[in-house]
Every structure is written in structure tokens, then in C-alpha cells.
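Asks: Fold the following.
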Amino acid sequence: MTVVTFLSDFGTADDFVGVCHGVILGACPGAQVVHVTHGIRAQGIGHGARVLAGAMPYLPVGVHLAVVDPGVGSGRRAIALRSGEGRLFVGPDNGLLITAAEASGGIVEVHEIANPDVMLHPVSRTFHARDIFAPAAGHLAAGMSLAELGPRLDPADLVRRVGIDHDLAGSLLKAAVQHIDRFGNIQLAVFASELDGLFAPGRLAEVVYVRCAETFTDVDPGELVLYADSSGLLSVAVNRGSAAELTAAEPGDEIGVEFSPSRHGRIA
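Replies: Numbers count the residues shown, from 1 in each chain. Below you'll find the model as predicted:
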């Protein structure tokens, strides 16, 4: 049984996810579909790329379908690629798949999805997830080779990162709010590992004066804490409270973090 994972920005209020799930099963009735999330911020390519990469170590090797596609209907390519671990990724050529694939053994083979026999017809200009990506994922799960999808591409020609989600100048970080979860925790668009060692539990940083920590209870109830979440992304929380309510932050806002506030040092 082949596992097909599915990530998108579709939400669950409409029929988009269910329809794509059905198309996958139509091409591969024995597939087991795992829905990673459909709560990616609308058109948030970077958000989707980071969530996909963060989830990959916990997902079985299989076919990984990801669709966050603001360029649907344009000249952007539909692609499928294989990583060094043998994972197959399907989605738009907009940078969404790159981080996860490179963290899964690197990109070893890429093909454009161009074979009309793989697609549903007529192909909608606005729902390629249903008509191109889901069928391709299903056919790959059923044993189709990448070469049967279309011409081979050079991995170096793929679209890489789109947009800048964070900037680090010395000890000052400016990062976009990527996501706010149901607890009010603010996830920033940067991995703690990207901060050149600036983030360390016990260190003081300044958002509205915040302590770097490993978990919520490292600070007193009601206090802000800066931590690396379960995906490794830098996040802001309030122990037993909502950082989103306290800061009035919303997805897409920018938050500044000073890791060397002049009046504070490190707490052992």
C-alpha cells in the first residue's frame, strides 16, 4: 500500500480537498491518503514549504502532494521530483517543494507534468490540484514512472525561494508572522537553526522583553516566551495565555526580535 500525503491552503469549508482525495483514489484505489494540513495561509508558499519540510521526518516514504499555487493558470510549470530518500513530490514549480526535497536526500530527478493522458479533461485554469496534481500523484502511487509524466528538467532550473520572510542584521531579527495556532502561539517564518546561534534557551531577547526558553513553563504564567517549536520554527507564546491577544499580531505582520538587548544579559 502506497502512502500519499497531501498539504494545501484549501481549508476544509469547501469540497476542494475531498475532490482531490477522490481523484487520487481514482488513479490508485489502494492508496492511503494522509492529510498533513489544509490550513496553510492562503497563497503562503513559504508557509507551506516550511510546514512540509518540518513534517517530512515523521511521514513514511511515499508520494507527497503539496498545492499552494497562487500562479495557477499562468505559465508556471507543474512538476514531480524524486529525492535521494526515494520520496516523490508533486506540486507547482514555485519553491513549495524544494526545502522538503533537499532535506530528504536532495533532488535527484525532476520531470514536468505535461502528459495529457495523466490529466483530467477539460483541465480547469483555476483547479490544477484536481486536474493535474492529484491525478499525477495517484498515478505515481500506482507505479507510474516520473518519465511517463513528461520531459525531464534540470533541478538547477527550478524556482527556489520566493520572497523574503525574515532578515537578520547582527543581533536584530525581523520576521514575518507565519501562523497563529488555536492557543494563540505566534509562529515566525524562520527556523531557530537559521539564526547563527543567537537563539539559546536561557538567553534574554526583546520583543516586548521575552525570555528564550525550551518550553512554556520555563517562564511564569502570563509571561512571554520565545522558543523553537516542534518543527524547529521560532515562535512566541505566553505561558497559559495567548501571545496573539497580547501582541495583537496577525499572519503577515512583522515582528522584531533583539537578541542582545542593552539592559539585559543571559540567565543561567
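Asks: how about low-confidence regions in the stretch 51-200 of the chain?
Replies: Applying pLDDT under 70 to the stretch 51-200 of the chain flags residues 161-164.
Asks: and if we set it to 50?
Replies: Nowhere does the stretch 51-200 of the chain drop to pLDDT under 50.
Asks: Can you show me the helices along it?
Replies: 98-102, 128, 134-141 (DSSP state H, counting those that start in this stretch).
Asks: Give me the buried positions along the longest one.
Replies: Buried residues in helix 134-141, defined by neighbour count with 16 or more other C-beta atoms under 10 Å: A134, P135, A136, A137, G138, H139, L140, A141. The way it works is simple: take the backbone N, C-alpha and C, and place the C-beta from them, glycine included.
Asks: Would you format the residues you listed as CSV with distance to C212 included?
Replies: Putting those into CSV (distance: C-beta to C-beta, whole Å) gives the following:
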residue, distance to C212
A134, 42
P135, 46
A136, 43
A137, 40
G138, 45
H139, 47
L140, 42
A141, 43
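Asks: who's in contact with R152?
Replies: E109, V110, H111 (C-beta atoms under 8 Å, 6 or more residues apart in numbering).
Asks: Between these, which sits nearest G26?
Replies: Within these, proximity to G26 (C-beta to C-beta) peaks at H111, which comes in at 21.4 Å.
Asks: The closest one bridge partners, please.
Replies: Applying DSSP bridges to H111 yields these beta-bridge partners: A80, R152.
Asks: quick one: contacts of stretch 11-29?
Replies: Taking contacts as C-beta under 8 Å, 6+ apart, the residues outside stretch 11-29 that touch it are 2, 4, 6, 8, 10, 31, 33, 35, 38-39, 65, 67, 120, 127, 129-130, 133-135, 137-139, 141-142.
Asks: Whichever of those end up buried, select them in PyMOL.
Replies: Applying 16+ other C-beta under 10 Å to these, the buried members can be selected in PyMOL as follows:
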select buried, resi 2+4+6+8+10+31+33+38+39+65+67+120+127+129+130+133+134+135+137+138+139+141
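Asks: mind listing which of the contacts of stretch 11-29 are in strands?
Replies: Those of the contacts of stretch 11-29 mapping onto strands are V4, F6, S8, V33, H35, L65, V67, per DSSP state E.
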